[in-house]
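Asks: The amino acid sequence is not available; the structure is as follows:
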Ligand SMILES: Nc1ncnc2c1ncn2[C@@H]1O[C@H](COP(=O)(O)OP(=O)(O)OP(=O)(O)O)[C@@H](O)[C@H]1O
Ligand SMILES: [Zn+2]
């Protein structure tokens, strides 16, 4: 996702992942750990505001001491540096043999996928990014939520392929410690909630835990059989934020490691052309010397410009690298056509409500929370906080989970982050509530309700893709609502765009157009309003300018409408388009005659200067052949 396109997150730069002279990450890979904390850092930029709590922000990259490339020795063999043919790292000649052994059996530099920082809002890239990817937005007004409650339901079928995360909410199965994901096993709730974002910790490792997307990954699908046979073609994974693109790449990485394939990742947001060249030349070495294949994962591939994409082309073509690109943007526009034709495009869908429920239930189990059904009673939370809140069990309303699954709009990261935030906040507050469950038990516990979950979600469910289709859909909906004089709908679509991080000037420009196209001479002041709104937005920017746009939008929704001029002008253009042969000359009497020659040619002859006449002047202004034409007559535009 995007979004100056989205600066959603900034992965560690390729230099740090694969720079042969930097050994830290290779070390991490050798020891089989994910190294994701260290991978998730990056320099912040353009911070505006955020709702991301401290705990959910990625830790800054710890300063890693660089190992010297030359050991301080007394001389001899060790002083000579040689370059490893696999990882291109320079090291003392005496070390090359043991190094080669380990290098060959390692997953390779940068083998692990970069971790992502939590995205608390599915908003457009770069819009209101905190640090490099905060994207958090201000708190939502509750009316927005109420709209989302109507008509729940999802098209997609749910369920994990492996059955470990069914959508059912079997309360009996939800016992602390049960179904605990390995990533979280053996930790206290407080530990589980701290540190790495839940979404990151619960990222599935196997297709069995990968929920939904049956259309492309179901039992009989081509992709699944290719994955099972470890025959990975070059792929472009296209889908909305948080639907599992990176996760799928991660799963492919895991499974392809088994047959020795290297997996290298690059983020198009931070990688430089040199990084790409490094990866390619390493891949060539691997292939030539050790017949090892390389899969190159490029996140946000649409962020590479077309010529950068061209760099891969020959290497994808000749099989040096297998490319897996992830993008939230329609690849037909954003990905180089030649590259596209060499990749299989996999369209991932927004996760359905049921799939989201399955993902959330897995998280609930991992956290050891207990689900409170509709029939279970609870009284108001006791006031005063308990200092030993960590000793109480944590309950979450079933309704809260439904709501969360619904509101996160198919974005699993938003859903999991929302859950984490809500639980974290409740545990921190430490307020307990007396509970009576349908099973007859009564106990004190910490309760997470629907309201808490909504707070946790903030506005993160407002999905808005500033560069993509949503951008055009929403502006079209705004235009049509104003045209239909529906001030409520007009304000709603305006808010959808602005809250989603739309550029206010883009909206303002559309208002200027609307003022003439749809209001026109019915209220000529509308144009002044629009231009003033544009300038106002230009002066003060978001968020202060939102009310300027709101005022203008409501003015326009309420204004009388006239397309008289718009239509007439359309008719004139049509007339010009339909004209056969040379266009008629400008009538001589309408021509100016600044020179004697022109006067002699008859220019301006017979022209009646209107102010000289008391009575209305009879005079033709149109060319002869159009005499009497009326463009203001209603016609199809
Ligand atoms: N299909 C899925 N099954 C289970 N968990 C999922 C699925 N999709 C996403 N998740 C969860 O959501 C988190 C974010 O997903 P992921 O990073 O794969 O999204 P993405 O499609 O790459 O999004 P983006 O476009 O924002 O990069 C994962 O860490 C994982 O916990
Ligand atoms: Zn090496």
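Replies: On my side now, so go ahead. Just so we're clear, the structure is a prediction, and the values are computed from it rather than from any experiment. Ligands and ions are numbered 1, 2, ... in the order given.
Asks: Secondary structure element for residue 447, which one?
Replies: Element membership for residue 447, per DSSP states H and E: strand 442-448.
Asks: Residue 410 is in contact with residue 242, correct?
Replies: Yes: applying C-beta atoms under 8 Å as the test, residue 242 and residue 410 come out as touching, 7.3 Å apart. For the C-beta atoms, the positions are set from N, CA and C on the backbone; glycine is no exception.
Asks: joint contacts of those two?
Replies: Residues touching both residue 242 and residue 410 (C-beta atoms under 8 Å, 6 or more residues apart in numbering) are residue 351.
Asks: between those two, who's got more neighbours?
Replies: Neighbour count, other C-beta atoms under 10 Å: between residue 242 and residue 410, residue 242 has more, with 30 against 26.
Asks: related to what we said a few turns ago, who does the strand holding residue 447 pair up with?
Replies: When sheet partners are counted by DSSP bridges, strand 442-448 sits next to strand 394-397 (parallel), strand 433-436 (antiparallel).
Asks: which of these is buried the deepest?
Replies: Of all the strands paired with strand 442-448, strand 394-397 has the most neighbours on average by mean count of other C-beta atoms under 10 Å, namely a mean of 24.
Asks: show me what contacts residue 248?
Replies: 210, 213, 217, 237, 346, 348.
Asks: By neighbour count, which of those wins?
Replies: Using other C-beta under 10 Å as the neighbour test, the contacts of residue 248 are led by residue 237, with 29 neighbours.
Asks: Residue ranges of each domain in the chain, please.
Replies: Following automatic domain parsing, one gets these domains for the chain: 14-137+213-346, 153-204+351-457, 469-562.
Asks: Report how many residues lie close to residue 541.
Replies: Applying other C-beta under 10 Å, we find 14 residues neighbouring residue 541.
Asks: can you pull the pLDDT of it?
Replies: On the pLDDT scale, residue 541 is placed at 79.
Asks: Show me what from the stretch 401-550 of the chain comes close to ligand 1.
Replies: Residues of the stretch 401-550 of the chain that fall close to ligand 1, judged by C-beta under 6 Å from any ligand atom: 412-413, 416.
Asks: go again using 8 Å as the cut-off
Replies: Within the stretch 401-550 of the chain, the positions near ligand 1 by C-beta under 8 Å from any ligand atom are 411-413, 415-416.
Asks: Among the contacts of residue 248, show me the least confident.
Replies: Scanning the contacts of residue 248 for pLDDT, the low point is residue 217. It has 84.
Asks: Pretty sure that one sits against residue 208.
Replies: No: Residue 217 is beyond contact range of residue 208, at 11.2 Å (criterion: C-beta under 8 Å).
Asks: how about residue 489, what does it touch?
Replies: 477, 481.
Asks: returning to what we had before: looking at the contacts of residue 248, which are in helices?
Replies: Among the contacts of residue 248, the ones falling in helices (DSSP state H) are residue 217.
Asks: and the contacts of residue 248 as CSV, adding distance to residue 309?
Replies: Output for the contacts of residue 248, formatted as CSV (distance: C-beta to C-beta, whole Å):
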residue, distance to residue 309
210, 27
213, 25
217, 26
237, 15
346, 18
348, 20
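Asks: Would you reformat the strands paired with strand 442-448 as a markdown table and include mean pLDDT?
Replies: Below are the strands paired with strand 442-448 laid out as a markdown table (pLDDT from 0 to 100):
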| stretch | mean pLDDT |
| --- | --- |
| strand 394-397 | 86 |
| strand 433-436 | 70 |
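Asks: just the strands in the protein please.
Replies: Taking DSSP state E, the strands of the chain run over residues 81-83, 90-92, 235-238, 262-267, 294-299, 321-327, 344-347, 370-372, 377-378, 394-397, 433-436, 442-448.
Asks: Out of those, flag the one nearest ligand 2.
Replies: Closest approach to ligand 2 among the strands of the chain (C-beta to the ion): strand 90-92, 7.8 Å.
Asks: what's the residue nearest to residue 312 when sequence neighbours are not counted in contact with, if anything?
Replies: Once flanking residues are discounted, residue 312 sits nearest to residue 323: 6.0 Å by C-beta to C-beta, 6 or more residues apart in numbering. By C-beta under 8 Å, 6+ apart, residue 323 lies in contact with 234-235, 295-296, 298, 312, 316, 339, 343.
Asks: Residue 323 and residue 587: what is the separation?
Replies: To residue 587, residue 323 is 65 Å away according to C-beta to C-beta, to the nearest Å.
Asks: Pick out the residue in the stretch 201-350 of the chain sitting closest to ligand 1.
Replies: residue 244 (2.8 Å; C-beta to the nearest ligand atom).
Asks: ok, that residue - how many residues close by?
Replies: For residue 244, the count of nearby residues is 27 (other C-beta under 10 Å).
Asks: Poorly predicted segments of the stretch 451-600 of the chain, please.
Replies: 458-469 (pLDDT under 70).
Asks: any chance you could map the helices in it?
Replies: 469-483, 487-499, 504-514, 525-540, 546-558, 564-578, 596-600 (DSSP state H, counting those that start in this stretch).
Asks: closest to residue 452 out of these?
Replies: Closest approach to residue 452 among these is made by helix 487-499 (21.2 Å; C-beta to C-beta).
Asks: by how many degrees do the closest one and helix 504-514 diverge?
Replies: Interaxial angle, helix 487-499 versus helix 504-514 (axes from the mean of the first three to the mean of the last three C-alpha atoms, to 10 degrees): 150 degrees.
Asks: Go through helix 487-499 and flag the buried ones.
Replies: Neighbour-count burial for helix 487-499, counted by 16 or more other C-beta atoms under 10 Å, picks out 487, 489-499.
Asks: In JSON lines: those, plus distance to residue 533.
Replies: JSON lines is the format used below for the buried residues of helix 487-499 (distance: C-beta to C-beta, whole Å):
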{"residue": "487", "distance to residue 533": "16"}
{"residue": "489", "distance to residue 533": "19"}
{"residue": "490", "distance to residue 533": "14"}
{"residue": "491", "distance to residue 533": "14"}
{"residue": "492", "distance to residue 533": "18"}
{"residue": "493", "distance to residue 533": "16"}
{"residue": "494", "distance to residue 533": "11"}
{"residue": "495", "distance to residue 533": "16"}
{"residue": "496", "distance to residue 533": "18"}
{"residue": "497", "distance to residue 533": "14"}
{"residue": "498", "distance to residue 533": "13"}
{"residue": "499", "distance to residue 533": "18"}
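Asks: Nearest residue to residue 565 in space, ignoring adjacent ones along the chain?
Replies: residue 520 (4.7 Å).
Asks: Quick check: the one you found touching residue 569?
Replies: No: look at residue 520 against residue 569 with C-beta under 8 Å: they stay out of range, at 9.9 Å.
Asks: Looking at the two, which is more packed in?
Replies: Taking other C-beta under 10 Å, residue 520 and residue 569 do not tie; residue 520 has more neighbours (23 against 16).
Asks: mind listing what the more buried one touches?
Replies: 526, 561-566.
Asks: follow-up on the earlier one: mean pLDDT lowest for which of the domains of the chain?
Replies: Among those, domain 14-137+213-346 scores lowest, with a mean of 63.
Asks: if we can go back for a sec, bridge partners for the residue nearest to residue 312, pull those for me.
Replies: On the basis of DSSP bridges, residue 323 is bridged to residue 296.
Asks: Please report how far it lies from residue 451.
Replies: The gap separating residue 323 from residue 451 is 45 Å, by C-beta to C-beta.
Asks: likewise residue 544?
Replies: Using C-beta to C-beta, we find residue 544 at a distance of 29 Å from residue 451.
Asks: on that earlier part again, so which of the residues of the stretch 401-550 of the chain next to ligand 1 sit within helices?
Replies: 412-413, 415-416.
Asks: Lovely, talk soon.
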